[in-house]
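Novice: My questions concern the predicted model and sequence given below.
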Amino acid sequence: MSGELSSTRRLQRRLGIGCLASVVAFAFLADAALDAHALFIVNQPWVKPGTRNTEAYMVLTSTEGATLIGVRSSIAAQVSLRGPNTHTPAHASLALPAGAAVVLRPGADRIVLTGLAHVLKLGQRVPLTLQIETTGGGREEITVDAEVRTESPLDAERRAHRH
């Protein structure tokens, strides 16, 4: 177990993820055409409290290029990808360039959950399944467990350390 922990810390340093950030989900995506492996990282996932609709945010990083092609959740009738403008239709997909952190945040690209099965209160957990397509055309599903919060975990930690 300690070997896995030290490997995670080395990877966090290599990818520029600070000690404050906690890597929530790892998945190895097989690129069938090139028989290469990409590491996909979901960092800082969170969901706003909501009654009928809500939004989910996170930081997505892929060591190889990939595309977020869809999201599902057992607690929402519909889940879609949205851009900064609330009046535009949902995105069909979101590019994840190799080595670049793609930040889903309020007022920018984000995941919208509509038709919630129940009210989401602070501290609850929300299951999300990210559908990823690799540059080679392979598809994978990444399970994410996001906490219901009023702000991102990183913002909360920064605010707590201000003097």
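Specialist: In hand now; what should we look at?

Novice: So which elements touch the helix or strand harbouring Val59?
Specialist: Val59 is part of strand 53-62, with elements assigned from DSSP states H and E. Here strand 53-62 touches strand 36-47, strand 94-96, strand 102-104, strand 110-116, strand 125-134, strand 139-148, going by 3 or more Cβ pairs under 8 Å, 6 or more residues apart in numbering; DSSP states H and E. The C-beta positions use only the backbone N, C-alpha and C, and glycine is treated the same way.

Novice: what about those strands, which gets the closest to Pro84?
Specialist: strand 110-116 (8.7 Å; Cβ to Cβ).

Novice: Bridge partners for the closest residue to Arg125 other than its chain neighbours, pull those for me.
Specialist: Among residues not flanking Arg125 along the chain, Asp145 sits closest, at 5.3 Å (Cβ to Cβ, 6 or more residues apart in numbering). Taking DSSP bridges, one finds Pro127 as the beta-bridge partners of Asp145.

Novice: hmm, back to that, can you convert the helices and strands packed on strand 53-62 into CSV and add a column each for distance to Thr67, mean neighbour count and mean pLDDT?
Specialist: As requested, the helices and strands packed on strand 53-62 are exported to CSV (distance: least, Cβ to Cβ, whole Å; neighbours: other Cβ atoms under 10 Å; pLDDT from 0 to 100):
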stretch, distance to Thr67, mean neighbour count, mean pLDDT
strand 36-47, 11, 20, 86
strand 94-96, 6, 19, 94
strand 102-104, 10, 18, 96
strand 110-116, 15, 19, 96
strand 125-134, 5, 19, 96
strand 139-148, 10, 16, 96
